[in-house]
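1. here's my sequence, what's the structure:
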Amino acid sequence: MRTDPATTEPSTVKPSTAKSPSTKSPSAESADLVAIRQLVDAAVASQSDPDRFLPLHTADTSVVNFRGRRVAGRETLDAAMRQALASPLADVVTTVEVEDIRLIRDDVALVASVKHVWDRRRPAADGDPVTPLHATSGRLTYVLVKEAGTWRIASAQTTPILG
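-> Predicted coordinates:
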């Protein structure tokens, strides 16, 4: 998937109303929120570049995509991503709007967001029509973990918003 810089909106972080079990000082928690937002922004910006996208994930990452396909592990994600980018799916453009970040523990965060999808695929040269996407937005939930001081994506799941 590719991000179109002309339509990419910066993600927004709304403060969580839930009590965080974090034992960090407010400034340390704020630094984590900034780093988490930067990770989400980096994931969006590098969706068409596996060499930049994959290191943002843990080695045992689990990703469930917009169509419900589950990919387990960074190596499998690499193969699936390169296959998608070599197909017309490379012309599907997405952006992400962060709605909430919750620090579950000092090294685990849950990010609730909305993924917006624009299908810019064109009919094939032989006239075969493009199969339309079943939704144009979805609820994207990330589980992030902090490894050696760096936030990484351990899990990502997009649930289509229908109707």
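2. may I ask you to name the longest helix in the chain?
-> If you go by DSSP state H, the chain has its longest helix at helix 26-45.
3. packing partners of that helix?
-> helix 50-53, strand 92-105, strand 108-119, strand 137-147, strand 150-160 (3 or more C-beta pairs under 8 Å, 6 or more residues apart in numbering; DSSP states H and E). Every residue, glycine included, has its C-beta placed from N, CA and C.
4. so for the last one, what gets flagged as buried?
-> Across strand 150-160, burial judged by 16 or more other C-beta atoms under 10 Å covers 151, 152, 153, 154, 155, 156, 157, 158, 160.
5. and for the third one?
-> Along strand 108-119, the positions that meet the burial threshold by neighbour count (16+ other C-beta under 10 Å) are 108, 109, 110, 111, 113, 114, 115, 116, 117.
6. run me through the strand neighbours of it, direction for each.
-> As defined by DSSP bridges, the strand partners of strand 108-119 come to strand 92-105 (antiparallel), strand 137-147 (antiparallel).
7. quick one: that strand to helix 26-45, angle?
-> 30 degrees (axes from the mean of the first three to the mean of the last three C-alpha atoms, to 10 degrees).
8. where are the low-confidence patches of this protein?
-> 1-26, 28, 124-125, 134 (pLDDT under 70).
9. how far out from the middle of the chain is stretch 127-136?
-> Relative to the chain's own centre, stretch 127-136 is displaced by 22 Å; criterion: C-alpha atoms, centre = their mean, to the nearest Å.
10. which other residues reach it?
-> 66-67, 88, 92, 116-119, 121-124, 160-162 (C-beta atoms under 8 Å, 6 or more residues apart in numbering).
11. show me which of those residues is closest to residue 30.
-> The closest of the contacts of stretch 127-136 to residue 30 turns out to be residue 116 (C-beta to C-beta; 26.9 Å).
12. I figured that closest one hits residue 137, correct?
-> Yes: Residue 116 is within contact range of residue 137, at 5.2 Å (criterion: C-beta atoms under 8 Å).
13. shared neighbours, those two?
-> Contacts common to residue 116 and residue 137, judged by C-beta under 8 Å, 6+ apart, are absent.
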